[in-house]
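# need a 3D model of the following:
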Amino acid sequence: MLEFSVTLDEPSEGTVTVDFRTRQGTAFEFSDYTGRLGTLTFAPGETVKTITVQTESDSLDETDEFLEVELFNPTGGGTFANNADLVRALGWIEDNDGTVDDRAIAVSDPVIVEGDSGTTTARFTLTVSEAFGASTDIAWSTVNGTATDGSDFTGASGVATFLPGQTSAIVNIDVTGDNALEVAETFDLVVTPPPNVFSGGRGAVGTATILDDDAGVRTISVEDATIEERVAFSSGLLRFAVTLSEPSAGTVTVGFRTLQGTASEFMDFTGAINTITFNPGETTQWINIQTLSDTLDEVDEFLELELFDPVGAVLAGGGDQIRATGWILDNDGTADDRALQISDPMILEGEAVQFTARLSRPADGDTVVSYTTSGGTAQSGVDFTAATGEFIFAPGQTLAAVTVASTADTAAERAESFDLVATAPSSTVFSGGRGAVGTATILDDDAGLRTISVADASIEERTSFSSGLLRFAVTLSAPSAGTVTVDFRTVPGTAQTSTDFTGASGTLTFAAGETTKWINIQSLSDTLDETDEAFELVLSEPTGAVLAGGVSELTAVGWILDNDGAPEDRALYVPDVTITEGDSGTSQAVFQARLSRASDNDIDVVYTSISQSAVAGSDFQATNGTLTFAPGQTTGAVFVPIIGNALQEDTIEEFQVNFAPDVTSVFSGPGFNATGTIFDNDFSNTLPTGAVTLNGSVVAGSTLTANTSSVADVDGLGPFSFQWLRNGEAIDAATGDSYTLLTLDIGSEIALRVAYTDGEGTNETLISSASLVAPVPGTEGNDLILAGPLGTLLEGLGGNDTLIGGDSDDTIAGGDGDDSIEGGGGDDNISASDGNDFVDAGAGNDSVGGGIDNDTIIGGDGDDVMGSGFGDDSVSGGAGNDVVAGGAGNDTLEGGDGADSMSGSFGNDLIFGGAGADDIGGGTGQDTIDAGAGNDQVGAGEGDDSVFGGDGNDFLAGGGRNDTIDGGAGNDTINAGAGNDVITGGTGADQFVFASFFEGEADVVTDFEDGIDSFFIRRVDPDTGVENITNGGNGLAGFVAAMNITDTAVGAQMTVNGNTILVEGITAAQLTVDDFQFL
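Reported below is the predicted structural model:
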């Protein structure tokens, strides 16, 4: 049992937690120890906790082996030293079998953040399993990985000295900071111990990972993973560690999917597509992929894990996707099953292409792997620079890299690819002697818009234990702020719809921010022993992006691999090619040849062009040769030059290319013929004559009919197709030669597009003149008139009409009769005219006139202007700051919410101000005014009026008659004016204003609150200039005395110039200078 002590440097008052996991070193999970993954919790006051790892016994005489325990995601205020995101500790499992010295060495795998400038330090810890008895020197040196000496780190070599009893030593390497967006990069520290010290003479390698910090936000990285095939006593679970460069305050998510490598889904592992989530504060998550067991003695196999569509962070390097490799190590047989993998990089043209070579397990000696580039649809010297060389793996090293230059241009092209073909040693290192191939994809960046690409897919025929689902990955070159769509359809090839696969068509949608989507096609099972079969997936009609290369259709191949019978069923497939001829020079028709599966040996395919309606020498250059697929390679390309000219030829000409492999030794079936189609671009078309016109009245409800009688074409007329247009856009389902105008067409321009294919195969189109659609006109009868979606003029004329406006700014005239008018949305101008009309102006800032007779008017939302006109009208302003004018007649006016301006005019009006600071005038007549809530201004006007101030600090003026005024709640100012008025202040500090005094008039104040309310007295009449009162030189007291205040049975009475003011409920002695203000 290994025990790891985890300590806090001081006790915590709260709970502290930290996650942990075991990592494989030279010791393998399940074979040498039982893996752990969990959370360690320190209760308040605790400072030491223990992680135990159970080791497993065996009888092998082997070197000591190690594993690591990694801590991450601390919470509760706990942090790691130097603010690191994780820490690791080493655990040795010392061998106890045999008699030889099994001492071993391990080198740590440091993880560092790059920095923007200067240097940071990668700290490698060298650890031996047992101390030496004498001073011992161990040589070390740095080796490039994906990080390069001189640009990413400073290469070095040296010697680490272990004194007697010493078990660890430190080597520091400088890492160079920069501001370039990069993926996480690695380099190695290779240790070479003396051969007489360690059993087997094998050294060790530590890998430093440099995390990029230049994207401006948190970055997501993923590590490779390794596990032995699943057996009865182990889970066989590949655990990929996905890390965030720093904790986030919000949630971070990223999508992932598995990709087949040499390991096949359903046969070797269970595929997965899903999303992982980092909760706030978390920096590490795992993706677990289940491997499957078998009894085959085979080479180690790999799959890939791809991350995409991050939210709340970016992928390392700033790209749209990153990948990690998962190795499934073979545990059947006794041979060394080490294997090689070359990465499949994806770059924009002009960027450096970095291929990464990986060994499934390290070797004891140097391993040299030769490589050479091989052109595909990307051509050497045009799209990339050819390269040859060697990957050199030191003992213990499993990763190396090489960079190939790509060439930038300004031509819009399809995504292109080329291969890096690696040839591994065959005698002592790799089982089967088979190399590996990496395919680089060069994405075009010259179309000006985001580009859509699609990758090939393959799967074995469906069986009882596998879904047989082909997953085509469709990618967007960059996230979009809006929706992107593309249509797709399947096309039979050697695989047939309904027999070999289920055909499909539809539209694929990328939501805003997404860059990867899948199209799943179901393969069908059979028991026939046949060659592998292929079909095509075709993308077309993109919106919000363009297809890679600016083409109108983009094709991917789906392989259905046969799983019946014993022979190898490898097959060849080459999709047909279409190309436009050009006026001069040559252009290239690119035939992309694909093998269904790779081979261990070279495969030669002889190709020859064959004339059909297109003739070699005049339409294309005769082409022949041999296409060689290196071991591991599955794609190749043949280029046929197409000759441009300015001659008018058949619109479509065809030729073929025959691909003939060695069927006796390689394929279970024959070769393949692919067709090249050349579109002529020199046809001189004669345009049609005549015009399309429309018969019928352009009024809602009427039917328009196409008139094509004058259309003629010397190239011949074909059958017409029709599409009716509203404001230039196609109307759904309006594809006949006639169309009945709808209400929603009112205010729009209607036209007709007529299309046909002439006798020369040219598509021709004619469009009629556009006509503005009018609403149904009014009559002297009872009409129903509807507005369109645009601003409309509606006229009812005579009769009891119903007029309904739309959502735009309408002009509506009701005319004579009792009309019903709805304004709808928009700023409408409505004239109800004569008759007892009902008007609902609706939303918007409307202008409404009621006209003669008794009208009902509702303003609705918005700042409306309404005049009711003659008659006993009811007007409601509704929400908004409205202007409401009653006009002649006994009107009922309601202001509603908002700061309204209201006037009653002639007649006995009933006025409700409603909420808001309203300005109200009663006009002539006996009016009843309720100002409502808000700080209102009210002038009752002429007539014996009743005024209610309501809530708020109101100003109320009575006018020239006998008024009743109630201020209501709030600090009101009340000026009753001429006449015998009754005044009630209501609650609040009210002020009663008397500016003029009239002989014989008697006013009453009903609720004067002494010490709260007050009187405001004008010493001089503002209308006549005559002095009301004087103080006789005695100051304020003199003015109060001049008010002639006496007691009565019901209160105190003031008398000025023969005008009495009775203040009920108080005595004369209570009215003092504090209750008056004189001006």
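
# Provide a list of residues in contact with the spatially closest residue to Val1026 that is not a sequence neighbour.
Distance criterion CB to CB, 6 or more residues apart in numbering; nearest residue to Val1026, sequence neighbours excluded, is Val1020 at 7.1 Å. In this view, the C-beta of every residue, glycine as well, is placed from N, C-alpha and C. By CB atoms under 8 Å, 6 or more residues apart in numbering, the residues touching Val1020 are 1026-1028.

# how about Glu653?
So Glu653 contacts 612-614, 619, 677-678, 680 (CB under 8 Å, 6+ apart).

# ok, and the most crowded of these?
Ile678 (27 neighbours; other CB atoms under 10 Å).

# in the helix or strand hosting that residue, which residues are buried?
In this assignment (DSSP states H and E), Ile678 forms part of strand 672-679. Neighbour-count burial for strand 672-679 flags 672, 674-678 (criterion: 16 or more other CB atoms under 10 Å).

# go on, stretch 361-370?
362-363, 367, 369.

# would you turn these into CSV with pLDDT?
Below are these laid out as CSV (pLDDT from 0 to 100):
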residue, pLDDT
Pro362, 83
Ala363, 80
Thr367, 84
Val369, 89
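
# name the SS class of Val1040, please.
Three-state assignment for Val1040 (DSSP: H, G, I helix; E, B strand; the rest coil): helix.

# how about it, nearest residue that isn't a chain neighbour?
Val1073 is the one closest to Val1040 (CB to CB, 6+ apart), at 5.4 Å.

# pull the contacting residues for the nearest residue to Gly145 once chain neighbours are set aside.
Distance criterion CB to CB, 6+ apart; nearest residue to Gly145, sequence neighbours excluded, is Thr186 at 4.1 Å. Going by CB under 8 Å, 6+ apart, Thr186 touches 145-147, 207-210, 399.

# quick check, pLDDT for Ser427.
In the predicted model, Ser427 carries a pLDDT score of 54.

# ok, now Arg1019?
Arg1019 is given a pLDDT of 92.

# follow-up on the earlier one: going by distance to Leu244, which of the contacts of Glu653 wins?
Thr677 (50.4 Å; CB to CB).

# so the closest one sits right up against Pro575, yeah?
No - between Thr677 and Pro575 there is no contact under CB atoms under 8 Å: 11.6 Å.

# got a list of what Phe639 touches?
Neighbours of Phe639 in contact, by CB under 8 Å, 6+ apart: 379, 588-591, 623.

# scratch that, Ala147 is what I was asking about
When contacts are counted by CB under 8 Å, 6+ apart, Ala147 is found next to 153, 185-187, 208, 210.

# could I get the residues you listed as TSV with secondary structure, distance to Phe308 and pLDDT?
Formatted as TSV, these follow (DSSP: H, G, I helix; E, B strand; the rest coil; distance: CB to CB, whole Å; pLDDT from 0 to 100):
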residue	secondary structure	distance to Phe308	pLDDT
Phe153	strand	29	95
Glu185	strand	20	84
Thr186	strand	22	87
Phe187	strand	27	92
Ala208	strand	26	90
Ile210	strand	22	86
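
# mind picking the two most distant members of those residues?
Farthest pair in those, by CB to CB: Phe153 and Thr186, 10.0 Å.

# in JSON lines: the contacts of Ala147, plus distance to Asn727.
Listed next are the contacts of Ala147 as JSON lines, based on distance: CB to CB, whole Å:
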{"residue": "Phe153", "distance to Asn727": "63"}
{"residue": "Glu185", "distance to Asn727": "56"}
{"residue": "Thr186", "distance to Asn727": "59"}
{"residue": "Phe187", "distance to Asn727": "63"}
{"residue": "Ala208", "distance to Asn727": "63"}
{"residue": "Ile210", "distance to Asn727": "58"}
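
# looking at the residues you listed, which is nearest Glu46?
Ala208 (34.0 Å).

# pretty sure the closest one contacts Ala122?
Yes - with contacts counted by CB under 8 Å, Ala208 reaches Ala122, the gap being 4.2 Å.

# got any residues that touch both of the two?
With CB under 8 Å, 6+ apart, Ala208 and Ala122 have common neighbours 110, 112, 153, 173, 175.

# now, the residues you listed that are in strands?
Mapping the shared contacts of Ala208 and Ala122 onto strands (DSSP state E) picks out 112, 173, 175.

# wait, which of the residues you listed is closest to Asp224?
Distance to Asp224, by CB to CB, is smallest for Ile112 among those, at 18.0 Å.

# please name the residues that touch that closest one.
Counting by CB under 8 Å, 6+ apart, Ile112 has contacts 120-122, 175, 208-211.

# so which of those is the most crowded?
Neighbour max across those (other CB under 10 Å) = Ile210, 27 neighbours.

# contact partners for Ala1068?
1045-1047, 1052-1053.

# tell me how many other residues crowd the closest residue to Arg462 other than its chain neighbours.
Distances taken as CB to CB, 6+ apart place Gly468 nearest to Arg462, at 2.6 Å, with adjacent residues excluded. The local packing of Gly468 (other CB under 10 Å) involves 19 other residues.

# repeat for Thr47
By other CB under 10 Å, the residues close to Thr47 number 13.

# and Thr439, what are its bridge partners?
Assessed by DSSP bridges, Thr439 has beta-bridge partners Asp419.

# isn't it right up against Phe418?
Yes - contact criterion CB under 8 Å: Thr439 and Phe418 qualify, at 7.5 Å.

# shared neighbours of those two, anything?
With CB under 8 Å, 6+ apart as the test, Thr439 and Phe418 both reach Gly376.

# ranking helices and strands of the chain by mean pLDDT, which lands last?
Lowest mean confidence among the helices and strands of the chain (mean pLDDT, DSSP states H and E): strand 784-786, at a mean of 78.

# quick one: buried residues of the following helix or strand past that one?
Next helix or strand after strand 784-786 toward the C-terminus (DSSP H and E): strand 793-795. Neighbour counts over strand 793-795 (16+ other CB under 10 Å) mark 794-795 as buried.

# for strand 793-795, give the mean pLDDT please.
Here the average pLDDT along strand 793-795 is 81.

# roughly how far apart are Arg361 and Glu304?
According to CB to CB, to the nearest Å, Arg361 and Glu304 sit 18 Å apart.

# right, I mislabeled it, should have said Asn836
For Asn836, the distance to Glu304 - CB to CB - is 80 Å.

# is it correct that Glu3 is in contact with Thr52?
Yes - contact criterion CB under 8 Å: Glu3 and Thr52 qualify, at 5.4 Å.

# and stretch 38-54, end to end?
Taking CA to CA, to the nearest Å as the measure, stretch 38-54 stretches 14 Å from start to finish.
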